[in-house]
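K.L.:
Sequence and computational prediction follow.
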Amino acid sequence: MDNVGAPSEVVLGDQKMEPTGAEPLTPQDPAAIGPYRLLGRLGEGGMGTVYLAVAPTGRLVAVKVVKAQFTMDDDFAGRFHGEVENARKVASFCTAQVLDNGNTERGQPYMVTEYIAGIPLSRQIAQFGPLDPGPLHGVALGVAAALAAIHVAGLVHRDLKPANVILSMSGPRVIDFGIARALDATHGFTQSGELLGSPGWWAPEQVRGEDISPWTDIFAWGCLVAYAGSGRHPYGRGDAVTLAARVIQGRPDLGTLPPPLDELARRATHPDPFQRPTAQDLLIALVGGSIAAPATPQNTAQSTLVATNLLTESWQAPPNVAEQPDATQILARAAQPTAVQTPSPAPPVPPAPLPEPDQIRIGAPPTGSDPGALTAMEQAWRSVGTDPRGALPYSEDTPTEGGRPPRSSRMRWLLAAGVVVLALSVSVVVLLTNRAGDTTAGGPARTPPSPVASAPPRVGEDVGRQIALGDGYDLHLVIPQQPRCDLKTYEGATAEGTFCVVRWTMLNTGGELKGLNGAAPVLVDDTGAEHPALESSTTLPTALKPGGKTTGVLVFDLPTGRTPARLAIAENVEVQL
Amino acid sequence: MKLNRLLVAALLLTALTATPGLAATADCGGTAGVADFNGDGLTDAVAGDPSADVDGVEGAGTVVVLLGGKSDKAENGLPGLGGTIELRSPEPAAGEGFGWAVRTAHVNNDECLDVIVGAPYAGKSGEGAAYVFFGTPSGAPKALRLEGDNQAEGHFGWSLASADLDGGGALVVVGQPHADEPADAGAVHVFELDDQVRSAKRLSQDDDGVIGNGEVGDLWGWSVAVGNLGGDPGKPDLAVGAPFENNDGTGVQVASGKIDSGMVAVIFDVLDDGPYTSAKWDLNQATKEVPEKSGNRFGYSLAYAETADAGYLAVSVPLADPGGVTDAGAIVLYERKGAGKLAPARTLQMGSGALRFPGIPVEKGAAIGWSMAFVGGAPVLAIGEPYATVEGAEQSGRVRFSPVVNQENGDTLDFSETQPYQHFGWSMTGYGSPDGRAPGTGLVIGIPDRKGGGAVAVREAGTATLLPSTLEGAVDLGYAVG
């Protein structure tokens, strides 16, 4: 089952969305499933149908409904919901978080996950060719992190393939895990003998009908990275039987990959599952490479563009520069979907493609220095800073009517590459901690090398303030009150230090559906140490419809004696507490 | 300037009825000023904080009545200098947004000024609510709940308009812009009130004689205003803004034409039974001076005032790009002469005509007309531009004036308390109007994002006076003013 189907646009009333990959509903589709109002079809697979839907809170979600034929089996619903419950335990970074599950009026089980806006890796490669080393590393790392999270929760994805990796603004996200297993508890065949998974992305043991294990996913990871790096399928093209034979008979053709991906992919695709690395091994190896280098003060400063006036207070741009969109604006644009105009009788506009591969070469700095020597994030940020044209318009949905700033597909991609590193610096720590048997929910804090800027602290600047997310007029975040940081326990959990609870409200006062590309929220304390949000935090919405408002809390565990200073709650948005 | 907080002990309607002997309906007669909530002779106004915590109820929202008070510098008195009375929802609930919209009118006939409050996120699913709080010289103000049609996520109470009726009582209009069907097409609810509801009805673009088609996402009812716009003299007319209407020709369309270019409609003699007579303008029909484009949001805010022989309706288009300057904004000023019908009279835009300020640049993104209000006898249109950069402080916000009667240069409001991102001018009202139709005598200006939970400023002449919030739990004081 794909999260994303054929290219099309969803039209929500007047709100033409960013290309969501959704197709219109058919007359046979219900208007709603449970409390979720359906907007379009994201895909259909062997097991069922995936819809784009709106939750009662206004959040966009993906609802996956199992085909009626499977529900004939009395035990199926029970197994399904059991698996969904397991899937809900998976940490949400790098995956699509499971939000809900239930049964339709006709008794078909369904599950609800976060809707990830973005482009599937499969479409990206098919349309624009292989990834450059920077983004490739980001994808390898993001997918490995997702697998680590899935495996730590005791699950196996079983159907990892490029179509199940969404390149979103917040980095690559793995979707569709955890439910295939409901079909059969021990191996990869359905009761009717149908091989689960997808041809060409099977591991040898899957084809042989042997036990499925986390290493089955690792095999797929190796193939996926090879495919993303070369644009070629490691087992070539062919029908399912041909591909199955190749999987059993020989090792995949991984092409030429940059180190350390070449070695990692080779080991991941070892015919013997037990010779393959674990997801956590992959993570360690990947962060041990160039990406693991801590953020320099310089690029930290760039990455923490504040919602308010830190930059503008300390710097006055010359008029000619001021005329150019600055990085803040570019980022805001890149993160902000805007409506585009399409004449009524015209066919749906296909989603805007990412630029041709030669255009998305990351970072090519004017100095001519070797891009390979830079981390993905550095490359991304250098490009932001040195592109004199600012944002590039979409090539296809160009009617940037109404003076709305044009978006940059290039920027989106660069950002995705950059942001994943940021997000992963948190998730990697969590996962590695978990493996070590440390049950600390949030994991230890990471201390950046130096404070962001020498500006004096601006305590409480943004509390109670409408902080614009995106282009500044519609989507707002409010931290209504100062964090409450005197709690030793929260919802049954006990703090290592002290819990800090930060309330938030998000509101769309505009007339269009607005998407939020949230990153993992991070609280920065008075010493500059960063703390990830705990599981007990409320998940930020993916999108809000017109008039939509949601509230929640973020929970952090701060060492005793520390006080909260700043909160990074979404991409490029930082709140001074 | 300290805002003394006068907390009325029992604000809840239930508590009130259970408290015998309270003079809940005490009359302001004889002592009341023209717009006087508590009958002390001084002019009052109101401000809403829809995100405030109320006794630990998160985001329930609250409204403060800014009681008139005198000072050395304000001999006529200014609202807020005399302390405040806090108004709360009869049953405060988390996140209901009480105070999202506020207005005043003389609703019942006791001469006290009454306060209308919208709470568009009230109810289990954002059905919304609206209340009238009756002014009183003593005791807790009595509340009357206005009933809409309880549509989930309709956000009844998003916008409000009111005016006194000549024969007593008031017309109160409550916007419900996210009302279905179709989705988010929008509706308004029209109430004729005194101390109770005399009549109530729901109107949408699909009613007989109401021009236009209810289309998905129009958000018709986003803004509302009442006045004498050219129907029968003496019978109120209603202006409705639909800033997210697409200019897509006649008939029903979805997501075509110029998206969210906006429109304004006027329903004449709105208290009569239908079919109605009505008129509507998109930006292209209202003016040729500003090119209509997608995302302009014509009809985002409305303001009305009248003099003895003319009526003025200001309709803003805050994200218009006059002169190619993105989101600088513009305003179309309509005029009704005598017994005629209203018609577009002038376009106000930065850098030309009455808004030609030699010292102030035309600012990209300033979004003029985010809020508007009429003041003074002539009258003068006050124009809020909360996103304007002032003295280097980004989004500190500004208010400018443009006279309506001639083309002479306007002026800016002097307010020295700049602060980045405070959004001075987010909301605005002319206080001191005796009937809600005449221009106000002074301005109340909302600054919801000023540090410390928001603030309001008041001004009759000269510089504006800042009234910082001392309200416990304040978040967005000044999000709405009335």
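P.N.:
Received, thanks. What you see is a predicted model, and the numbers here were worked out from it, not measured in a lab.

K.L.:
Only C-alpha atoms from now on, for both contacts and neighbour counts.
P.N.:
Noted.

K.L.:
so where's the stretch 151-300 of chain B uncertain?
P.N.:
B:249-256 (pLDDT under 70).

K.L.:
is chain A contacted by stretch B:297-317?
P.N.:
No. Using C-alpha under 8 Å from any C-alpha of the partner chain, stretch B:297-317 never reaches chain A; the gap is at least 9.4 Å.

K.L.:
Span of that stretch from start to end?
P.N.:
5 Å (C-alpha to C-alpha, to the nearest Å).

K.L.:
residues of that stretch that come out buried?
P.N.:
B:297-306, B:310-317 (16 or more other C-alpha atoms under 10 Å in any protein chain shown).

K.L.:
when you check those residues against the helices, which ones overlap?
P.N.:
Judged by DSSP state H, helices contain none of the buried residues of stretch B:297-317.

K.L.:
Mark which of the residues you listed are part of strands, please.
P.N.:
B:302-306, B:310-317 (DSSP state E).

K.L.:
Farthest pair within the residues you listed?
P.N.:
B:Ala310 and B:Val317 (22.8 Å; C-alpha to C-alpha).

K.L.:
can you pull the contacts of the closest residue to B:Ala457 other than its chain neighbours?
P.N.:
In space, and not counting its chain neighbours, B:Ala457 is closest to B:Leu466: 4.3 Å by C-alpha to C-alpha, 6 or more residues apart in numbering or on different chains. By C-alpha atoms under 8 Å, 6 or more residues apart in numbering or on different chains, the residues touching B:Leu466 are B:Met1, B:Glu417, B:Ala455, B:Val456, B:Ala457, B:Val458.

K.L.:
Repeat the analysis, applying 7 Å as the threshold.
P.N.:
Neighbouring residues of B:Leu466 by C-alpha atoms under 7 Å, 6 or more residues apart in numbering or on different chains: B:Val456, B:Ala457, B:Val458.

K.L.:
List the neighbouring strands of the helix or strand harbouring the last one plus their orientation.
P.N.:
Think B:Val458. Per DSSP states H and E, B:Val458 falls inside strand B:455-459. Looking at strand B:455-459 with DSSP bridges, its partner strands are strand B:442-447 (antiparallel), strand B:465-468 (antiparallel).

K.L.:
what number of residues lie near the nearest residue to B:Pro344 once chain neighbours are set aside?
P.N.:
Leaving aside its sequence neighbours, B:Pro344 sits nearest to B:Tyr334 (C-alpha to C-alpha, 6+ apart; 4.1 Å). B:Tyr334: 22 surrounding residues under other C-alpha atoms under 10 Å in any protein chain shown.

K.L.:
what about the host helix or strand of B:Tyr334, average pLDDT?
P.N.:
Using DSSP H and E, B:Tyr334 maps to strand B:330-337. When pLDDT is averaged along strand B:330-337, the result is 94.

K.L.:
now that strand against strand B:302-306, angle please.
P.N.:
Using axes from the mean of the first three to the mean of the last three C-alpha atoms, to 10 degrees, the direction of strand B:330-337 lies 30 degrees away from that of strand B:302-306.

K.L.:
Just checking: what are the partner strands of the helix or strand following strand B:330-337?
P.N.:
The element immediately downstream of strand B:330-337 (helix or strand, assigned by DSSP H and E) is strand B:343-349. Using DSSP bridges, the strands paired with strand B:343-349 in its sheet are strand B:330-337 (antiparallel).

K.L.:
any idea how far the strand it pairs with is from the chain center?
P.N.:
17 Å (C-alpha atoms, centre = their mean, to the nearest Å).

K.L.:
try stretch B:204-224
P.N.:
On C-alpha atoms, centre = their mean, the centre of stretch B:204-224 falls 19 Å from that of its chain.

K.L.:
Repeat that for stretch B:338-355.
P.N.:
Taking mean C-alpha positions (C-alpha atoms, centre = their mean), stretch B:338-355 and its chain are 20 Å apart.

K.L.:
Convert the C-alpha atoms of the strand holding B:Tyr334 to PDB, please.
P.N.:
What follows is strand B:330-337 as a C-alpha-only set of coordinates in PDB (Å, rounded to 0.1, in the frame of the first residue of the first chain):
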ATOM      1  CA  ALA B 330      -5.600  49.000   0.100                       C
ATOM      2  CA  ILE B 331      -9.100  50.100   1.100                       C
ATOM      3  CA  VAL B 332     -12.200  50.800  -1.000                       C
ATOM      4  CA  LEU B 333     -14.300  53.500   0.500                       C
ATOM      5  CA  TYR B 334     -18.000  53.400  -0.300                       C
ATOM      6  CA  GLU B 335     -20.200  56.400   0.100                       C
ATOM      7  CA  ARG B 336     -24.000  56.700   0.300                       C
ATOM      8  CA  LYS B 337     -25.200  60.200  -0.400                       C
END
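
K.L.:
on contacts alone, who are the packing partners of whichever strand or helix holds B:Tyr131?
P.N.:
If you go by DSSP H and E, B:Tyr131 is part of strand B:129-133. Contacts defined by 3 or more C-alpha pairs under 7 Å, 6 or more residues apart in numbering or on different chains; DSSP states H and E place strand B:129-133 against strand B:114-119, strand B:143-146.

K.L.:
what's it in contact with?
P.N.:
B:114-120, B:122, B:141-146, B:156-157.

K.L.:
which of the residues you listed lies closest to chain A?
P.N.:
The nearest member of those to chain A, counting by C-alpha to the nearest C-alpha, is B:Pro120 at 9.5 Å.

K.L.:
what residues are up against that closest one?
P.N.:
By C-alpha under 7 Å, 6+ apart, the neighbours of B:Pro120 are B:Glu96, B:Gly97, B:Gly126, B:Glu127, B:Gly128, B:Ala129, B:His155, B:Phe156, B:Gly157, B:Trp158.

K.L.:
quick one: which of the contacts of strand B:129-133 is nearest A:Val207?
P.N.:
Once C-alpha to C-alpha is applied, the member of these that ends up nearest A:Val207 is B:Ala122, at 56.2 Å.

K.L.:
what number of residues lie near the closest one?
P.N.:
28.

K.L.:
Verify the stated contact: it with B:Gly128.
P.N.:
Yes. Between B:Ala122 and B:Gly128 a contact is recorded at 4.3 Å, counting by C-alpha atoms under 7 Å.

K.L.:
what's the angle from the strand holding B:Tyr334 to strand B:310-317?
P.N.:
Using the same axes, to 10 degrees: strand B:330-337 against strand B:310-317 is 160 degrees.

K.L.:
returning to what we had before: possible to save the strands paired with strand B:455-459 as JSON lines with distance to A:Gln127 and mean pLDDT?
P.N.:
Listed next are these as JSON lines, based on distance: least, C-alpha to C-alpha, whole Å; pLDDT from 0 to 100:
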{"stretch": "strand B:442-447", "distance to A:Gln127": "49", "mean pLDDT": "97"}
{"stretch": "strand B:465-468", "distance to A:Gln127": "57", "mean pLDDT": "88"}
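
K.L.:
for the ones you listed, which one ends up most surrounded?
P.N.:
Mean neighbour count (mean count of other C-alpha atoms under 10 Å in any protein chain shown) peaks for strand B:442-447 among these, with a mean of 30.

K.L.:
mind exporting it as CSV, just the C-alpha atoms?
P.N.:
The C-alpha trace of strand B:442-447 is given here as CSV (Å, rounded to 0.1, in the frame of the first residue of the first chain):
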residue,chain,number,x,y,z
GLY,B,442,-11.9,58.3,20.1
LEU,B,443,-10.0,55.1,19.2
VAL,B,444,-9.3,51.9,21.0
ILE,B,445,-6.4,50.0,19.4
GLY,B,446,-5.5,46.4,20.1
ILE,B,447,-1.9,45.3,20.6
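
K.L.:
picking up where we left off before, just the contacts of B:Pro120: which are in strands?
P.N.:
B:Ala129.

K.L.:
now the contacts of B:Pro120 as JSON lines including neighbour count?
P.N.:
What follows is the contacts of B:Pro120, written out as JSON lines (neighbours: other C-alpha atoms under 10 Å in any protein chain shown):
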{"residue": "B:Glu96", "neighbour count": "29"}
{"residue": "B:Gly97", "neighbour count": "31"}
{"residue": "B:Gly126", "neighbour count": "25"}
{"residue": "B:Glu127", "neighbour count": "24"}
{"residue": "B:Gly128", "neighbour count": "28"}
{"residue": "B:Ala129", "neighbour count": "28"}
{"residue": "B:His155", "neighbour count": "31"}
{"residue": "B:Phe156", "neighbour count": "35"}
{"residue": "B:Gly157", "neighbour count": "35"}
{"residue": "B:Trp158", "neighbour count": "31"}
